[in-house]
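1. Here is my input, please return the structure:
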Amino acid sequence: MISIIFLTFMSLIMNSETEIFNFNSSTTSGEWITVDDVVMGGISSSQFVINRDGTATFSGIVSPDNNGGFASARTSLKNEFKDFKGVVIRANGDGNIYSLRFRTDENFDGISYQAKFKTEAGEWKEYKIPLIDFKPTFRGTTLSNKPKLESKNIKQIGILIADKQFGKFELNIDWVSFY
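-> Alright, predicted model coming up:
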């Protein structure tokens, strides 16, 4: 009995990840909204759907028309996440480069911290990104003289496709965790 308790305790210590989103769990699900370039006159469109199999799909079309070129989805986070060093996202992509984004406030517009990851078409992979790799940006411009991203300050999470990756896109997400 003592060895079972010890092994359970050790597994909790060894697994220091904390779920941000697991689409199989009602405790980490939230209301995701899409924010596409239509806010500035573009015509790109996207949707974020939670699937029956416990994954989520971010998909749509990115168009350069009317000075457009991005699609995104985001949600607020209710938990406080202290002292984590990075994030892991398990995703199945289409070969495009996506940006995982965090905001440190509840505002609709403003500074976000983002880090990019390149997906491999049709393959589920875990992308591990240290928080130090997240750069402060505002409307696509990297900012200097901003504080580094700390997990305790994160209020929103989002996903973005931009950088002249025009056409159809699809990213399936299984879960997101801090480590």
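
2. what's the residue nearest the centre of the chain in contact with, if anything?
-> Geometric centre of the chain, nearest residue: residue 100, 3.9 Å, by Cα atoms, centre = their mean. Residue 100 makes contact with 87, 89, 114-117, 127, 129, 134, 157-159, 176 under the criterion Cβ atoms under 8 Å, 6 or more residues apart in numbering. For the C-beta atoms, the positions are set from N, CA and C on the backbone; glycine is no exception.

3. chain center to the top strand by length along the chain: distance?
-> In the chain, assigned by DSSP state E, the strand with the most residues is strand 167-178. Relative to its chain's centre, strand 167-178 lies at 8 Å (Cα atoms, centre = their mean, to the nearest Å).

4. Neighbouring strands - and their directions - for whichever strand or helix holds residue 125?
-> Taking DSSP states H and E as the definition, residue 125 sits inside strand 124-130. Here strand 124-130 is paired, per DSSP bridges, with strand 86-92 (antiparallel).

5. what's residue 114 in contact with, if anything?
-> So residue 114 contacts 99-102, 134-135, 137, 160 (Cβ under 8 Å, 6+ apart).

6. what do you get if the cut-off is 10 Å, keeping everything else the same?
-> Shown in contact with residue 114 (Cβ atoms under 10 Å, 6 or more residues apart in numbering): 98-103, 133-137, 140, 142, 149, 158-160, 162.

7. of the residues you listed, buried ones?
-> By neighbour count, with 16 or more other Cβ atoms under 10 Å, these hold 98-103, 133-137, 149, 158-160, 162 as buried.

8. Out of those, which comes closest to residue 23?
-> Of all the buried ones among the contacts of residue 114, residue 159 has the smallest distance to residue 23: 13.0 Å, by Cβ to Cβ.

9. Does that closest one belong to a helix, a strand or coil?
-> For residue 159, the assignment made with DSSP: H, G, I helix; E, B strand; the rest coil gives strand.

10. Is it bridged to anything, and to what?
-> Applying DSSP bridges to residue 159 yields these beta-bridge partners: residue 73, residue 100.

11. what two of the buried ones among the contacts of residue 114 are the furthest from one another?
-> Checking the buried ones among the contacts of residue 114 with Cβ to Cβ, the most distant pair is 149 and 162, at 19.2 Å.
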